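J.: here you go, sequence then predicted model.
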Amino acid sequence: MKKIWFVLVLLVVLLAGSAWYLMAPRQDSAADKVAAIAWKETPPNRVVTDPVAVFRRAFWRSPTAADQIVHAERHEWSDAEGVTKWQWFIEVKASPELLKYFREDNAFGLMASKLGKVSSEKPAWFNFKPSDVNVMSSPQANMQLIFKNQSNTLFATDFGLGFRRGAPEQPEVNSAPAAPMPKRLPPTAPPTPER
C-alpha cells in the first residue's frame, strides 16, 4: 500500500511540474536579445541588461522608486587594454523628478534638437515614431534624450569609444654619465685653529 501512495504522489508532482513548465511565460535570455540585432561588424564582448546598472552608468545616479525602467541594455566591445567602444539604450517611465532633472535642471547640458542618428544596431524595443517625440541632444557628443509626447516615457541612448590610449613608453637611453651636481657644503671640513 505504501508503494502505491509513493507512486501516486510522485506522479502528481511530475504532472504539476510539467503543467507549470508548459504554462510559464518564456523570457528571452540576454544572449537571445543580442543575437536578434543585425550586427554590421563583430557583436559586443559584453552585454549588460541589469536595468539599475545600465541606468547608473548612463545617468550617473540611481533610479528612484518612482522611476520604472522598462528596458535597458549596454553593449561593450573590448580588447586586452580595455573598452574600445560602447553604446547603451534605455526606456523609462520617468518620475516627475527625473523629468525635471533632465528638462528643467538640464543636468547634461543638452539642447532641444531634431532626432539625431540612432544606431541601426539597437534593440527591437527601442522603437518610437519620430513625430511623437521631443528630443534633447548633446551638441558635442552623441547623447540623446527622447521624450514621448503626452506621456512620461523617456527613451535615451548614447555611444562612444573607450578611453584614448596613451603614447607608448619610450625606452631608456643610456647616455654619458652626467656631471656631478655641486653640493651645498665643501668636500672638506673647515680648518680648526691651533692652540
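T.: Perfect, I can see it now. For clarity, every value in this text was computed on a predicted model and none was experimentally measured.

J.: contacts, neighbours, all on C-alpha from now
T.: OK.

J.: please report how far Trp60 lies from Glu41.
T.: Going from Trp60 to Glu41 by Cα to Cα, to the nearest Å gives 29 Å.

J.: next secondary structure after the worst-scoring helix or strand of the chain on mean pLDDT?
T.: Sorting the helices and strands of the chain by mean pLDDT, DSSP states H and E puts helix 30-35 at the bottom, at a mean of 47. On the C-terminal side of helix 30-35, the closest following helix or strand by DSSP states H and E is strand 46-48.

J.: mind listing what's buried along that following strand?
T.: Val47 (16 or more other Cα atoms under 10 Å).

J.: from the chain's centre, how far out does that strand sit?
T.: 8 Å (Cα atoms, centre = their mean, to the nearest Å).

J.: where do the strands sit along this structure?
T.: 46-48, 68-79, 82-93, 111-113, 133-137, 144-148, 153-161 (DSSP state E).

J.: mind giving me the packing neighbours of the third one?
T.: In other words, strand 82-93. With contacts defined as 3 or more Cα pairs under 8 Å, 6 or more residues apart in numbering; DSSP states H and E, the packing partners of strand 82-93 are helix 51-59, strand 68-79, strand 153-161.

J.: which one of the ones you listed lies nearest to Gly109?
T.: helix 51-59 (12.6 Å; Cα to Cα).

J.: tell me the angle of the closest one relative to strand 82-93?
T.: Angle, helix 51-59 to strand 82-93, by axes from the mean of the first three to the mean of the last three Cα atoms, to 10 degrees: 110 degrees.

J.: and helix 51-59, what's its mean pLDDT?
T.: The average pLDDT within helix 51-59 is 94.
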